[in-house]
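Peer 1: Quick one, what's the 3D model for this:
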Amino acid sequence: MMILRPTLCLAPLAVAACATAPQGAAGPNPQVVAQLTSQAADQVKRCYKAPRLSKAARQITTRLRVRFMADGQLADYPVLLSQSGVTPANRAHAPAMAEAAMAAVVRCAPLRLPADFHQAGWDEFDLTFSPRVFA
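Peer 2: As a prediction, this is how the structure comes out:
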């Protein structure tokens, strides 16, 4: 059973990052979350390569859950949480958009994040990829 924890998000980056509050934390410090998620998003968006697809396919926004170890390596392969903007016209391209987002996370590992963030439990993020921002 997965325990859901509050999530804070940063937007409107091409890759927006959300950090999930550590279990047992009294409450996330918004400044710490903003710094951490901004660093993670900046690193990952440099590795994102949008597939060459139609303009309609670029309307698909992909949200992943990623977990990192203290050294910045991935703890698990990214998990697809959701996709929005999927229509009958672009539905066939949704898997390619998800794969491009996952590949960006894998390609950029290890992330360079301060170790004290990991020690505080900030090791899980939701990353949102919105290729239309790049267009």
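
Peer 1: Please make it C-alpha for all contacts and neighbour counts, starting now.
Peer 2: OK.

Peer 1: quick one: low-confidence ranges for the protein?
Peer 2: 1-29, 33, 115-122, 132-135 (pLDDT under 70).

Peer 1: Okay, strands next: where are they in it?
Peer 2: 7-9, 15-20, 61-67, 79-84, 124-129 (DSSP state E).

Peer 1: Mind giving me the packing neighbours of the longest one?
Peer 2: Identification of packing neighbours for strand 61-67 by 3 or more C-alpha pairs under 8 Å, 6 or more residues apart in numbering; DSSP states H and E yields strand 79-84, helix 94-108, strand 124-129.

Peer 1: could those go into a markdown table alongside mean neighbour count and distance to residue 53?
Peer 2: Below are the helices and strands packed on strand 61-67 laid out as a markdown table (neighbours: other C-alpha atoms under 10 Å; distance: least, C-alpha to C-alpha, whole Å):
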| stretch | mean neighbour count | distance to residue 53 |
| --- | --- | --- |
| strand 79-84 | 14 | 16 |
| helix 94-108 | 20 | 9 |
| strand 124-129 | 25 | 15 |
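
Peer 1: Indicate which one of the ones you listed is closest to residue 41.
Peer 2: Of all the helices and strands packed on strand 61-67, strand 124-129 sits nearest to residue 41, with 7.3 Å by C-alpha to C-alpha.

Peer 1: Alpha carbons of the closest one, in PDB - could you do that?
Peer 2: Provided in PDB are the C-alpha atoms of strand 124-129 (Å, rounded to 0.1, in the frame of the first residue of the first chain):
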ATOM      1  CA  GLU A 124      11.100  11.500  -4.400                       C
ATOM      2  CA  PHE A 125       9.900  13.900  -7.100                       C
ATOM      3  CA  ASP A 126       7.100  14.200  -9.500                       C
ATOM      4  CA  LEU A 127       8.500  15.700 -12.800                       C
ATOM      5  CA  THR A 128       6.100  17.100 -15.400                       C
ATOM      6  CA  PHE A 129       7.200  17.300 -19.000                       C
END
